[in-house]
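J.: Sequence first, then the predicted structure, then my questions.
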Amino acid sequence: MEPSLEQLLHAAAEAFADRFGRPPRYAAAAPGRVNLIGEHTDYNDGYVLPMAVDRWAVVVADRAAASSTLWAVDLDECVTADLTATPSPIPAGGFGNYLLGVADQLAAAGAIPNLDVALTGTVPIGAGLASSAAIEVAFATLLQPLLGVDLGPSELALACQRAEHVFAATPCGVMDMLTATHARAGHALLIDCRSLRVRPIAMPPAERIATLIVDTGVRHDLADGGYAECRRRCDDAARGLGLGSLRDADLGLLAGSTLQGRVRNAARHVICENERTLLAAGALATGDLETLGELMFLSHASLRDLLEVSCPELDAAVEAAAGLRGADGIIGARMTGAGFGGSVVALCRADGAEHLAGTLAAGGAKCSVVHAAGPARPLDLA
């Protein structure tokens, strides 16, 4: 059973005290997220339908006399830096770039002091549940009161996105950060990634419908070439259609274009995925779970066949879920996150969730139930 947020905070504070010889004074947390539908649409100014989940990144800290020590408790890795100076990315990468990138972005809001920091959490790394965004938003949430600023949820999300672009060299969209800052417990979020408009949509009651995460154990690294290549194809498609973004494309425009091959397929995926996402949001809002489930399966097929970001393990998990549709309890399933590994999200009847989790985990995956969580927040250490 996953630890609660309160248990995580207690563990982080204890670890900090053991390492640094004093208790932390500041703490904050941010949730991971699962995307129900709308994949590779956020960086195309499109629509997404994620929800924050009760898996957390927790950061605790205290002011340091000299340089900063940034400690990832679960990895037992440390980075030493001077946060009062302009930080630079760490060439070898790693967790430290997420924290340093946030410090770099928030330095414009005020002088950042040197800090001793301990980071822990339950958002699995590389599982498609937005672990990097949770780390960034948690640290940004911790820093704001130290700087005496409140950037607001959308501006904070954009600062964290820029941090990932510059320091982690990942050309990500803003969905993950917006989900962490705008989350509402018990709700999914329909996000327009162009206007940054966020519309909460209630999830079905937990006693009726459960959300399963099937973690295949296949890990991805979004800083490698696959994700960036997908983005390049989408950018090439938009230029080939004479548009600034694929958000403005439609199938009629695509049919009359000269786009070919994988670039054409990328455009088709984004056009249809935006349509599926809006339909799915409407279906969720009206309780039409059958339509929502069908759209989830169609989304996975598009990600597999058109965008080519799935993998055999993800496909096998979705196929297993498809075999349990209807009376067996599965409503819909699809890969979630950028792909190349990670997890599948499945909606199912709550009364059969435990049995279905065991069935879907039979191939060696780790399967767990998650709930729609609230937003990033400072935590009270008293």
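T.: Now that the structure is in, tell me what you want to look at. Residues are numbered from 1 along each chain as shown.
J.: Can you point out the buried residues in the longest helix anywhere in the chain?
T.: Criterion DSSP state H: the longest helix present in the chain is helix 261-286. For helix 261-286, burial by neighbour count (16 or more other Cβ atoms under 10 Å) applies to 262-274, 276-281, 283-284. For every residue, glycine as well, the C-beta is placed using N, CA and C.
J.: Which strands and helices lie in contact with that helix?
T.: Helices and strands touching helix 261-286, by 3 or more Cβ pairs under 8 Å, 6 or more residues apart in numbering; DSSP states H and E, are strand 26-37, strand 47-63, strand 187-192, strand 197-202, helix 225-240, helix 251-255, helix 289-302.
J.: what's the angle from the longest one to strand 187-192?
T.: Put plainly, it is strand 47-63. Inter-element angle recorded for strand 47-63 and strand 187-192: 110 degrees (by axes from the mean of the first three to the mean of the last three Cα atoms, to 10 degrees).
J.: now strand 47-63, how far from the centre of its chain.
T.: Chain-centre distance of strand 47-63: 9 Å, with Cα atoms, centre = their mean, to the nearest Å.
J.: What residues sit buried inside it?
T.: For strand 47-63, by 16+ other Cβ under 10 Å, it's 47-62.
J.: again, but for the fifth one
T.: For helix 225-240, burial by neighbour count (16+ other Cβ under 10 Å) applies to 226-227, 230-231, 233-238, 240.
J.: In TSV: the residues you listed, plus distance to residue 138 and pLDDT.
T.: As requested, the buried residues of helix 225-240 are exported to TSV (distance: Cβ to Cβ, whole Å; pLDDT from 0 to 100):
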residue	distance to residue 138	pLDDT
226	26	87
227	22	88
230	27	94
231	26	94
233	32	97
234	29	97
235	31	97
236	35	98
237	35	98
238	33	98
240	39	98
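J.: Now that residue 83 has come up, it's in contact with residue 68, right?
T.: Yes - the criterion here is Cβ atoms under 8 Å, and residue 83 meets it with residue 68 at 4.7 Å.
J.: Mind listing the shared neighbours of these two?
T.: Residues touching both residue 83 and residue 68 (Cβ atoms under 8 Å, 6 or more residues apart in numbering): 114-115.
J.: Run through the stretch 201-350 of the chain and note the low-pLDDT ranges.
T.: In the predicted model, the stretch 201-350 of the chain carries pLDDT under 70 at residues 220-224.
J.: try 80
T.: Flagging of the stretch 201-350 of the chain using pLDDT under 80 yields the residue ranges 220-225.
J.: Could you do the stretch 51-200 of the chain as well?
T.: 93.
J.: Now do the contacts for residue 368.
T.: By Cβ under 8 Å, 6+ apart, the residues touching residue 368 are 2, 212-213, 215, 357.
J.: 7 Å instead, please
T.: Residue 368 makes contact with 213, 357, according to Cβ atoms under 7 Å, 6 or more residues apart in numbering.
J.: What of the one 5 residues further on?
T.: Applying Cβ under 7 Å, 6+ apart, we find residue 373 in contact with 31, 52-54, 183, 185.
J.: now, which of the residues you listed sits nearest residue 199?
T.: Taking Cβ to Cβ as the measure, residue 199 lies nearest residue 183 of the contacts of residue 373, at 12.9 Å.
J.: mind listing what the closest residue to residue 69 other than its chain neighbours touches?
T.: Once flanking residues are discounted, residue 69 sits nearest to residue 116: 5.0 Å by Cβ to Cβ, 6 or more residues apart in numbering. Contact partners of residue 116, counting by Cβ under 7 Å, 6+ apart, are 20, 61-62, 64, 68-69.
J.: How about residue 335?
T.: 300, 303, 310, 314, 318, 342, 344.
J.: Now the closest residue in space to it that isn't next to it in sequence: which helix or strand?
T.: Spatial nearest neighbour of residue 335, excluding adjacent residues (Cβ to Cβ, 6+ apart): residue 314 at 4.4 Å. Following DSSP states H and E, one finds residue 314 within helix 312-322.
J.: Next SSE downstream of that helix?
T.: Using DSSP H and E, the helix or strand that follows helix 312-322 in sequence is strand 330-336.
J.: and the angle for the next helix or strand after that next one with helix 312-322?
T.: Next along the chain after strand 330-336, taking DSSP H and E as the criterion, comes strand 343-349. If you take the same axes, to 10 degrees, strand 343-349 sits at 10 degrees to helix 312-322.
J.: Relative to the whole chain's centre, how far out is the following helix or strand past strand 343-349?
T.: Later in the chain than strand 343-349, the nearest helix or strand by DSSP H and E is helix 353-360. Distance of helix 353-360 from the chain centroid (Cα atoms, centre = their mean) equals 24 Å.
J.: what pLDDT, on average, does helix 353-360 get?
T.: Averaging pLDDT along helix 353-360 yields 92.
J.: what helices or strands is that helix leaning on?
T.: Judged by 3 or more Cβ pairs under 7 Å, 6 or more residues apart in numbering; DSSP states H and E, the packing partners of helix 353-360 are strand 209-215, helix 312-322, strand 366-370.
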